[in-house]
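Engineer: Kindly return the folded structure for what I paste below:
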Amino acid sequence: MKFSYFLLVNFFSLTFANLDWSQDKYPEKWYNNAHDNLRKILNHKPNKNLAKNTILFLGDGMGITTITAGRILKGQLKGTNGEEEITNMEAMDNVALSKTYGIDSQTTDSAATATAYLTGVKTRVGMIGLSGQAQIRECSPQLENYKVKSILKWAKEAGKSVGVVTTTRITHATPAGTYAHTSYRNFETYDGNIFNLTHQLNGCKDIAAQLIDDNSYIDVIFGGGRRKFLRKEDRDYHELDKTGERIDNRNLINDWHEKMKLMNKTHKFVWNLDDFKNLKPNEYQHVLGILAWDHMKYEVDRVAQENIDEPSIVEMTEKAIELLSTNPNGYFLLVEGGKIDLAHHDSNAKRALEEFVAFDNAIGLASNIVDQEETLMVVTADHSHEFNIGGYSIRGNPILGLVRTVEYGELSSAGYTFTSLSYGNGPGGLKEIRKRNLTETETNNIDYHQESGVFMNYETHGGEDVAIFAKGPMSHLFEGTVEQSFIAHAMAYASCIGPFDRNFYWSCETERGF
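Structural biologist: Below you'll find the model as predicted:
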């Protein structure tokens, strides 16, 4: 058995790993690399322009390990060893670290973090758009006093267009952070269960209703989650065997149409790929694109369909920029790669890393079509995951494969193969010691769950700092280790909006750094 294993290792090593790195043996390679980087840094001049446009790319659950593993996969998909790949986010001018803890949590969630990086105020786990003065699941008139505005609202107040792109439901924690104020992130819809009449009578409103009733100013929205907007008796537009969840007799999509008509706004509700592709700049003042019944598909599953029925994150990003760019005052856009997180929760590294690659491709697309002299681009994560790379793998080892080494052992102490990628906890947790070898065929399967140290049905977040990458006007504000809440303030300062509105904070346009 072990003999056949080593034959398998040799085959995969020759086929997929250890591509030519002969030049790396010589000091000149590394001297030249260092000197090139030094010249780039020394010649770089900070862009002190006013940021007309701001795009915040949020990789949900995109910790440092995800970036490293995603970088390697992206390179290997191009036929290289992978380690030397430079992703679009890593090519940006400035980098910092963000401390992700919440006011009540060492390891936090996407609701508290969204509040931090979008409003500039840290809060409790599970809450969105409210300061920590509120209590989790609190419903009372007092909540009105605890609301905190997001940078999306600051941008709109400054006369900019605003948009949201996500691969999750548009009522999910990250996109909801741009517009909602709720004491519980799961108050997504009036379903009579998680959110019911008692909550409503005590002063709460579900997130979907908040979007339609209180935030009709948002110009462009692309994401999933029709189930949260339709009534239980409403059949879905595309997945005809499914219905909505609302029990309050409100079809919020119909309500949105009626509201737009009353406001005399040209508008378009989009639920299918053809209508999405046909959207043109200046055609509609407001576009509500809810392009899936639930979350949107994972990218690897989307492209595997015979008839693709959803746009990619790259396509949604491009379309949103195209539609928002017609405003002479500029725009603010949030783009969330939300399913990196969902795949990690399932200990499914392949889907998580493929989502990362798609997310990074969206960043590359944006970099190519915007004016970088007037557009601030910020890339960060809300939190990390219990995701690890290890095992002393050789250069170019398939990142989704088994550990192969030069000097160190390739088998566990029990004598069996194991993978480079693992999780601290999750559904791949070993309830007993595995007594067989893993194979490359198994670990490369799209549905494979990486092994975990602790068995849990749902893998948890990680609590370490996450990266911030930035380029464009005032990107030099991002350096060192900062509180996650700093991100909203730095973006606002770059644009002189919100707390740094030029009408009240006159020095914003003159104090632009050295």
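Engineer: The nearest residue to Ala292 once chain neighbours are set aside and Pro398: what is the separation?
Structural biologist: Distance criterion C-beta to C-beta, 6 or more residues apart in numbering; nearest residue to Ala292, sequence neighbours excluded, is Gly224 at 3.4 Å. C-betas here are computed from N, CA, C, even on glycine. Noted for Gly224: a distance of 31 Å to Pro398, by C-beta to C-beta, to the nearest Å.
Engineer: related to what we said a few turns ago, quick one: residues contacting the residue nearest to Ala292.
Structural biologist: By C-beta atoms under 8 Å, 6 or more residues apart in numbering, the contact set of Gly224 is 166-170, 290-296.
Engineer: Please name the bridge partners of it.
Structural biologist: Going by DSSP bridges, Gly224 is paired in beta bridges with Arg169.
Engineer: Of all pairs in the contacts of Gly224, which one spans the longest distance?
Structural biologist: Taking C-beta to C-beta, the two most distant members of the contacts of Gly224 are Thr166 and Trp293; they sit 14.7 Å apart.
Engineer: These two: which is more packed in?
Structural biologist: Between Thr166 and Trp293, Thr166 has the larger neighbour count (other C-beta atoms under 10 Å), namely 29 against 23.
Engineer: quick one, what contacts the spatially most central residue of the chain?
Structural biologist: Computing the C-alpha centroid of the chain and ranking residues by C-alpha atoms, centre = their mean puts Gly59 first, at 2.6 Å. By C-beta under 8 Å, 6+ apart, Gly59 lies in contact with 66, 336-337, 340, 356, 359, 379-381.
Engineer: mind running it again at 10 Å?
Structural biologist: Counting by C-beta atoms under 10 Å, 6 or more residues apart in numbering, Gly59 touches 66-67, 70, 89, 335-338, 340-341, 355-356, 359-360, 363, 379-382, 466-467.
Engineer: One more: Lys339?
Structural biologist: By C-beta under 10 Å, 6+ apart, the contact set of Lys339 is 60-61, 166-168, 224, 295-299, 301, 313, 345, 351-352, 354-356, 358-359.
Engineer: Quick one, which of these are buried?
Structural biologist: Among those, those scoring as buried are 60-61, 166-168, 224, 295-299, 313, 345, 351-352, 354-356, 358-359 (criterion: 16 or more other C-beta atoms under 10 Å).
Engineer: so is Phe269 in a helix, a strand, or just coil?
Structural biologist: Phe269 falls in the strand class when you classify it by DSSP: H, G, I helix; E, B strand; the rest coil.
Engineer: ok, for it, nearest residue in space, not its chain neighbours?
Structural biologist: Phe269 sits nearest to Leu288 (C-beta to C-beta, 6+ apart), 5.0 Å away.
Engineer: Was I right to think Gly338 contacts Gly61?
Structural biologist: Yes: the pair formed by Gly338 and Gly61 meets the contact definition of C-beta atoms under 10 Å, at 8.6 Å.
Engineer: what residue ranges in this structure are flagged as low confidence?
Structural biologist: Along the chain, segments meeting pLDDT under 70 span 1-18, 514.
Engineer: mind running it again at 80?
Structural biologist: The chain contains residues with pLDDT under 80 at 1-18, 513-514.
Engineer: Convert the lengthiest helix in it to CSV, retaining C-alpha atoms only.
Structural biologist: Ranked by number of residues, the top helix in the chain under DSSP state H is helix 349-369. The C-alpha trace of helix 349-369 is given here as CSV (Å, rounded to 0.1, in the frame of the first residue of the first chain):
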residue,chain,number,x,y,z
ALA,A,349,-11.1,24.7,0.4
LYS,A,350,-11.4,24.1,-3.3
ARG,A,351,-14.6,26.2,-3.6
ALA,A,352,-13.2,28.9,-1.2
LEU,A,353,-10.0,29.3,-3.2
GLU,A,354,-11.8,29.3,-6.6
GLU,A,355,-14.1,32.1,-5.1
PHE,A,356,-10.9,33.9,-4.1
VAL,A,357,-9.5,33.7,-7.7
ALA,A,358,-12.8,35.0,-9.1
PHE,A,359,-12.8,37.8,-6.5
ASP,A,360,-9.2,38.8,-7.4
ASN,A,361,-10.2,38.8,-11.1
ALA,A,362,-12.9,41.3,-10.3
ILE,A,363,-10.3,43.5,-8.7
GLY,A,364,-8.1,43.2,-11.8
LEU,A,365,-11.0,44.1,-14.1
ALA,A,366,-11.8,47.2,-12.0
SER,A,367,-8.1,48.3,-12.0
ASN,A,368,-8.2,48.2,-15.8
ILE,A,369,-11.3,50.2,-16.4
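Engineer: Neighbours of the spatially closest residue to Lys149 that is not a sequence neighbour, how many?
Structural biologist: Spatial nearest neighbour of Lys149, chain neighbours left out: Thr119 (6.3 Å); criterion: C-beta to C-beta, 6+ apart. Per other C-beta under 10 Å, the neighbour tally for Thr119 reads 28.
Engineer: List the contacts of Thr119.
Structural biologist: The neighbours of Thr119, taking C-beta under 10 Å, 6+ apart as the test, are 128-131, 147-154, 177-178, 181, 485, 488-489, 498.
Engineer: Just the buried ones from those residues?
Structural biologist: Buried by 16+ other C-beta under 10 Å: 128-131, 148-154, 177-178, 181, 485, 488-489, 498, out of the contacts of Thr119.
Engineer: for the stretch 101-250 of the chain, what spans make up the strands?
Structural biologist: In the stretch 101-250 of the chain, the strands defined using DSSP state E, counting those that start in this stretch lie at 161-169, 220-224.
Engineer: Identify, out of the ones you listed, the most deeply packed stretch.
Structural biologist: strand 161-169 (a mean of 28; mean count of other C-beta atoms under 10 Å).
Engineer: how many degrees apart are that strand and strand 220-224 in direction?
Structural biologist: With axes from the mean of the first three to the mean of the last three C-alpha atoms, to 10 degrees as the basis, strand 161-169 and strand 220-224 are set at 0 degrees to each other.
Engineer: Next, the angle from strand 161-169 to helix 349-369.
Structural biologist: Inter-element angle recorded for strand 161-169 and helix 349-369: 160 degrees (by the same axes, to 10 degrees).
Engineer: Check the offset of the next helix or strand after the longest helix of the chain from the chain's centre.
Structural biologist: Sequence order places strand 375-381 as the next helix or strand after helix 349-369, per DSSP states H and E. Its chain's C-alpha centre and that of strand 375-381 lie 11 Å apart, by C-alpha atoms, centre = their mean, to the nearest Å.
Engineer: strand partners of strand 375-381, parallel vs antiparallel please.
Structural biologist: Next to strand 375-381 in the sheet, as set by DSSP bridges, lie strand 53-59 (parallel), strand 466-471 (antiparallel).
Engineer: Please produce TSV containing those, extended by distance to Asp255.
Structural biologist: As requested, the strands paired with strand 375-381 are exported to TSV (distance: least, C-beta to C-beta, whole Å):
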stretch	distance to Asp255
strand 53-59	28
strand 466-471	37
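Engineer: nearest to Trp506, of the ones you listed?
Structural biologist: Closest approach to Trp506 among those (C-beta to C-beta): strand 53-59, 20.6 Å.
Engineer: Name the residues of the helix or strand that the closest one is followed by that are buried.
Structural biologist: The helix or strand immediately downstream of strand 53-59 is helix 64-77, counting by DSSP H and E. Residues 64-76 are the ones in helix 64-77 that count as buried (16+ other C-beta under 10 Å).
Engineer: Okay, and the beta partners of Leu402?
Structural biologist: Beta bridges link Leu402 to Thr419 when assigned by DSSP bridges.
Engineer: what's the burial count for it?
Structural biologist: 25.
Engineer: Please look at it and Tyr448 and confirm they touch.
Structural biologist: No: using C-beta under 10 Å, Leu402 is not in contact with Tyr448, being 11.8 Å away.
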